[in-house]
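Student: quick check, what structure comes out for this input:
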Amino acid sequence: MNTTGSPKNRAVQGYLEDIEKGPRDVRHEAIRGLAGIGAPAVQSLIGAMKDAGSADVLWYLALALAQIGSPAIGSLLKEMKETTSVPFRKYGAAALGEMGEAAVEPILDAMREADPQLRGFLSGALCRIGEPAIPSLRAWLKDGDDVMRSCAGLTLWKMGETGIGAMLTSLDEEE
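Tutor: You can find the predicted model right below:
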């Protein structure tokens, strides 16, 4: 079934145009509209992020994905693996970081197979998520392979006092 002209697809395209060309209040309204559409808007948002010509537009598109939340996680991570564009990965990671606890395990799973650059962006997303990511990172300190133990340790370190405290607690428990 071809839904190119469906009302929902037309609404998504209108919102994407508003994000690209509209003033701030129109962009914020477009984010709310896209969040209301939810999962059906995810692929269009990701495509728009890949084509975005400015950091400003990327930021608003990432905010829309973050507002959609869980339904966007898998598709966004898949595209971040396939697309090596630094701005795309940076803003994709920002969106994931705003999605919170629901994104922790999918991010960690993606880190296993990610290239070093993408691991860095995903680590940043986990830092943004903060406290909810700590139990999983601590588990990786104990049970992960060398690369994942290193990623977990570096991510906890980047979290600052809370992450470093969790890392030290894990080390104390090993003794």
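
Student: leaving out sequence neighbours, find the closest residue to Gly163.
Tutor: Distance criterion C-beta to C-beta, 6 or more residues apart in numbering; nearest residue to Gly163, sequence neighbours excluded, is Leu156 at 3.7 Å. From N, CA and C alone the C-beta is placed, and that goes for glycine too.

Student: and whichever strand or helix holds that neighbour, what does it pack against?
Tutor: Taking DSSP states H and E as the criterion, Leu156 maps to helix 146-158. Using 3 or more C-beta pairs under 8 Å, 6 or more residues apart in numbering; DSSP states H and E as the contact criterion, the elements in contact with helix 146-158 are helix 104-113, helix 116-129, helix 134-143, helix 161-174.

Student: among these, which is nearest Glu98?
Tutor: When these are ranked by proximity to Glu98, the top entry is helix 116-129, at 6.9 Å, counting by C-beta to C-beta.

Student: that older thread, for the helices and strands packed on helix 146-158, which one sits closest to Asp56?
Tutor: helix 116-129 (19.4 Å).

Student: residues of that closest one that come out buried?
Tutor: Along helix 116-129, the positions that meet the burial threshold by neighbour count (16 or more other C-beta atoms under 10 Å) are Leu118, Arg119, Gly120, Phe121, Leu122, Ser123, Gly124, Ala125, Leu126, Cys127, Arg128, Ile129.

Student: follow-up on the earlier one: for the residue nearest to Gly163, which residues are in contact?
Tutor: Neighbouring residues of Leu156 by C-beta atoms under 8 Å, 6 or more residues apart in numbering: Ile134, Leu137, Arg138, Leu141, Gly163, Ile164, Ala166, Met167.

Student: re earlier: among the helices and strands packed on helix 146-158, which comes closest to Glu17?
Tutor: That would be, of the helices and strands packed on helix 146-158 and by C-beta to C-beta, helix 116-129, which comes in at 27.8 Å.
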